[in-house]
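S.K.: Can you look at this prediction? I've put the sequence above it.
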2 protein chains.
Amino acid sequence: MNMSSRSPERLVHVPLGERAYDILIGPGLIGRAGGEITARLKGRRAAIVTDEHVAPHYLEALMDSLQTDGIEAVSLTLPAGEKTKSLEHLATVTDMVLSARIERSDAVIALGGGVIGDLAGFAAGIVRRGVRFVQIPTTLLSQVDSSVGGKTGINTRHGKNLLGVFHQPDLVLADTAVLDTLSKREFRAGYAELAKYGLIDKPDFFEWLEKNWTQVFAGGPERIEAIAVSCQAKADVVVEDERETGRRALLNLGHTFGHALEAATNYDSARLVHGEGVSIGMVLAYQFSARMNLASPDDAARVEAHLKAVGLPTKIGDIPGELPPTERLLDAIGQDKKVRSGKLTFILTRGVGEAFIADDVPPSEVLAFLEDKRLK
Amino acid sequence: MNMSSRSPERLVHVPLGERAYDILIGPGLIGRAGGEITARLKGRRAAIVTDEHVAPHYLEALMDSLQTDGIEAVSLTLPAGEKTKSLEHLATVTDMVLSARIERSDAVIALGGGVIGDLAGFAAGIVRRGVRFVQIPTTLLSQVDSSVGGKTGINTRHGKNLLGVFHQPDLVLADTAVLDTLSKREFRAGYAELAKYGLIDKPDFFEWLEKNWTQVFAGGPERIEAIAVSCQAKADVVVEDERETGRRALLNLGHTFGHALEAATNYDSARLVHGEGVSIGMVLAYQFSARMNLASPDDAARVEAHLKAVGLPTKIGDIPGELPPTERLLDAIGQDKKVRSGKLTFILTRGVGEAFIADDVPPSEVLAFLEDKRLK
C-alpha cells in the first residue's frame, strides 16, 4: 500500500442496486455538503440531527453550505451520549422531521457520531416509511463503521440496538478534517473498529497498521487510506449480505463480548466507550478461540500487543469500577441480537485475518472463560 | 365468475422473492394456525398482539392451536380502536416482544383488524431490525387490504400512518368464519376496500359485485371468492411495486380524501371508520374526476349508487357532527404521505376500472370542489 501518489480525496461506491450510494472521504466535505447532496437527491428540504458537542463546531458551516445550494434546512441539537439512543429521543426526532414536512425525496441528515447516525437513520427509515438519509459522521468510529451499511437503531432496557431498521444512506460524507478535533481516546476507540477489518479477513492490512499506525493517528494520506480501506471492506460485506443473514455477522467480531461489557458498565462512557468494548472484545474473541484450540495463543498475544500499543484497553480488568457477576454478563450476551435458537453465536477466529461465525458455542465454556479472564 | 365448483378454501401466493408468502382464505383457519405456521417458520416462539374486542372470541383457540404444534406463545391484549396505533402502544408491544425473547426466526402474530395488524407489524419490523410476522386479520377490511402488502404504521399528531416500515408478513391467515360475528357496519366498511379493486382496474369485478353483493354479505362461496380476488389484486400490485414508488399508489384510490375526513373527525370511529372514509373518498375521487372533465358524471353516479345500495356513506354530509373549515381538510391532505414536492397527488379516474395517478392537482381546485361538496 503506497499512497504517496494519491489525491487526498477518495470515493467508495456501495453497489446496492436501487439503494446504491457513494461514500466520500477527505478533508473539507462539510463545507461542500450542499453541492454533493443536490447532485444526488431530488428533494430540497433537509432536517439535520446533531448533538451539543458537534453543533458548535460544524452546524453553521453545514447550514451555510445547504443554503448556498438551495436546500431549506432545519436542525435539532440533542444531548451527546449513548443515552440519546432512546425511544423518547426517537419520538422527538420524528416529530421534528414531520413538522419540517420532509417528504420521501427530502433528507434527514445525521451530523455527529454513531449515536446520532443510528438515531437519525432510524427516524429516516420510519418517517413516511422511509425518507432519504445523509450521513456526515464526525468521529473515526462512525466514519469506518456505523455510517456505512444501513444499520440503524436505539437501545432499550433489554439491551443495545434491539429496535431499529435497515435503512441505507443515500450519501456518506466522511470529512477527515473533523477528526483533528477528536480526543485521543475517541480516535483510539474508532481505531479499534478500523483494525477489526484487518483481523476479520485482511491480514495484510493489519500488518500495515502495525507498521503505520502512528501516521494514521497523526493524520495525512495514511489516515485517509486507512479509512477508505475500512469503508471498502465494510461495503464489500454489506453488498454480499445486506440484511445480515450470513457473512455480515463477521463484522460483529469483538462485539458480542463488547456489548456485554458495555451493558455491564450501564453504557457509562466515562468507564467504557463502544470502541473500547470492541477492543477488549476482540482480544477476548482471540483468547477464547485459542482456549478452544481454534487459533494460536501467539495470534491472541499479537492482537493484544498491537491494540495495547495504540493505547486501547485490552483486558476486562482495564475497565475502571466494579462489574456485575459473570452470570449477568452471560445473560447480556444471551439477549444480544446474534442469538440463534437459544445457542450462543460468536465470531471466532483461526488466526489474524481468519474470522468465522461459530453458532454453537456452549454457554458453560463462555462462563468459565469469563470467570477466568476477569480475575486477570 | 362461476364459483359453484370450487372448494371453500383458497390460497393466494405473493411471489416477492425471499420475502414471498402465502395468504390462506377460508373458514376455520385460526384453529389450524399452529400447523400452518410450523410448516413455514423455523422459530418455535410467538408473541401474539390482539385487542380487547377480539381476544374473548379467538385468543384461546389460537393459543391452543399454537401449543398443540409446539409453539411457545405469549399474548398482549390492547384497547380496541384507532388510538391504539400510537408510539406509546408501539413501545408497549416492542417491550413485550423483547421480554418474550423473540428471535429473528420467531414470530409476532397480529390477531385483529387493521389497527392491530399495522401496530404489530411495525413492532415486528423494528425488533432486532425485523422478526417474522404472521397476520390473522379478523375484519373484512384487514383481510382484503392491510394484512397483505407489508405496509405497517402508527399515527402521530401530524397525521395517519406517518411512521412505519415496509415489513412483509410471512403468512396471512384470513379466517372467513370470523366475519360472521362482525357488525353490519364493520362488514360494509371492509366492503368499500373490496369494491375499490374493481374501481381501480377490474371493471368486470365491480360489475360482478353490483350483481352479487348480497351473497357476499350473506356469506358462502361468493364471499370467499370476493376476498380471494381482492387479495390477488392487491398482491399483483404489491409485487409490481413493493415500496410504492409508482403503481402501488393506485391502491390509495379514495384514501387521500378519506384520510382527510378521518383526520377531520379526529379518528372518532363513532362518526367515521376507515372504510367509510374510503367510500366517501372514492365517490369524491370520481366526482372530482368528472369535474375535471376526466370521467363521465354517469360513472360517478354509478359508483355512488352501488356504495349507497350496500349501505355505505357516500357524501361528506353523511358524516354526523360538525366538520372543521375546508382549509383545514386541505391541510390534512397536504400532510398526507402521497405529497410530492408540494403539489397534490390524487388517484383520479377516467371511468370504472380506469384509475390513474395524477401528481399535479392544483390545491385551489380541490378547495373549491370540497367547498361545493360539503354543502350537499
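M.R.: Nice, I can see it.

S.K.: residue boundaries of the strands in the stretch 201-350 of chain A?
M.R.: A:344-349 (DSSP state E, counting those that start in this stretch).

S.K.: the helices in it, which residues?
M.R.: A:203-218, A:221-240, A:255-264, A:274-291, A:297-309, A:326-335 (DSSP state H, counting those that start in this stretch).

S.K.: mean pLDDT for those helices: which is lowest?
M.R.: Here the lowest mean pLDDT among the helices of the stretch 201-350 of chain A goes to helix A:326-335, at a mean of 78.

S.K.: From the chain's centroid, how far away is the helix or strand bottoming out on mean pLDDT in chain A?
M.R.: The weakest-scoring helix or strand in chain A, judged by mean pLDDT, DSSP states H and E, is helix A:326-335 (a mean of 78). Mean-position distance between helix A:326-335 and its chain equals 22 Å (Cα atoms, centre = their mean, to the nearest Å).

S.K.: Please apply the same query to stretch A:302-321.
M.R.: Taking mean C-alpha positions (Cα atoms, centre = their mean), stretch A:302-321 and its chain are 19 Å apart.

S.K.: Using PDB, write out every CA atom in it.
M.R.: Extracted in PDB, the C-alpha atoms of stretch A:302-321 (Å, rounded to 0.1, in the frame of the first residue of the first chain):
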ATOM      1  CA  ARG A 302      -0.100 -10.300  18.700                       C
ATOM      2  CA  VAL A 303      -3.600  -8.700  18.600                       C
ATOM      3  CA  GLU A 304      -3.400  -7.700  22.200                       C
ATOM      4  CA  ALA A 305       0.100  -6.200  21.800                       C
ATOM      5  CA  HIS A 306      -1.000  -4.000  18.900                       C
ATOM      6  CA  LEU A 307      -4.200  -2.700  20.500                       C
ATOM      7  CA  LYS A 308      -2.300  -2.100  23.700                       C
ATOM      8  CA  ALA A 309       0.500  -0.300  21.800                       C
ATOM      9  CA  VAL A 310      -2.000   2.300  20.400                       C
ATOM     10  CA  GLY A 311      -3.400   2.800  23.900                       C
ATOM     11  CA  LEU A 312      -6.600   0.800  23.800                       C
ATOM     12  CA  PRO A 313      -7.800  -1.300  26.800                       C
ATOM     13  CA  THR A 314      -7.400  -5.000  26.100                       C
ATOM     14  CA  LYS A 315      -8.500  -6.700  29.400                       C
ATOM     15  CA  ILE A 316     -11.700  -6.800  31.400                       C
ATOM     16  CA  GLY A 317      -9.500  -5.500  34.300                       C
ATOM     17  CA  ASP A 318      -8.800  -2.300  32.300                       C
ATOM     18  CA  ILE A 319     -12.400  -1.200  32.900                       C
ATOM     19  CA  PRO A 320     -12.500   1.100  35.900                       C
ATOM     20  CA  GLY A 321     -15.000   0.300  38.700                       C
END
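
S.K.: Give me the spatial nearest neighbour of whichever residue of the stretch 1-150 of chain A sits closest to chain B, chain neighbours excluded.
M.R.: Relative to chain B, the nearest point of the stretch 1-150 of chain A is residue A:98 (4.2 Å; Cβ to the nearest Cβ). C-beta coordinates here come from the backbone N, C-alpha and C atoms, glycine included. Of all residues not flanking residue A:98 in the chain, residue B:158 sits nearest, at 4.2 Å (Cβ to Cβ, 6 or more residues apart in numbering or on different chains).

S.K.: and that neighbour, how far is that from residue A:100?
M.R.: Computed as Cβ to Cβ, to the nearest Å, the residue B:158 to residue A:100 distance reads 10 Å.

S.K.: Comparing those two, which residue is more hemmed in?
M.R.: Taking other Cβ atoms under 10 Å in any protein chain shown, residue B:158 and residue A:100 do not tie; residue A:100 has more neighbours (20 against 17).

S.K.: Do you know the pLDDT at that one?
M.R.: Residue A:100 carries a pLDDT value of 97.

S.K.: contacting residues for it?
M.R.: For residue A:100, the contacting residues are A:45, A:47, A:74, by Cβ atoms under 8 Å, 6 or more residues apart in numbering or on different chains.

S.K.: Walk me through the domains of chain A.
M.R.: As recorded under automatic domain parsing, the domains making up chain A are A:10-181, A:184-373.

S.K.: among these, which is nearest residue B:290?
M.R.: domain A:10-181 (29.1 Å; Cβ to Cβ).
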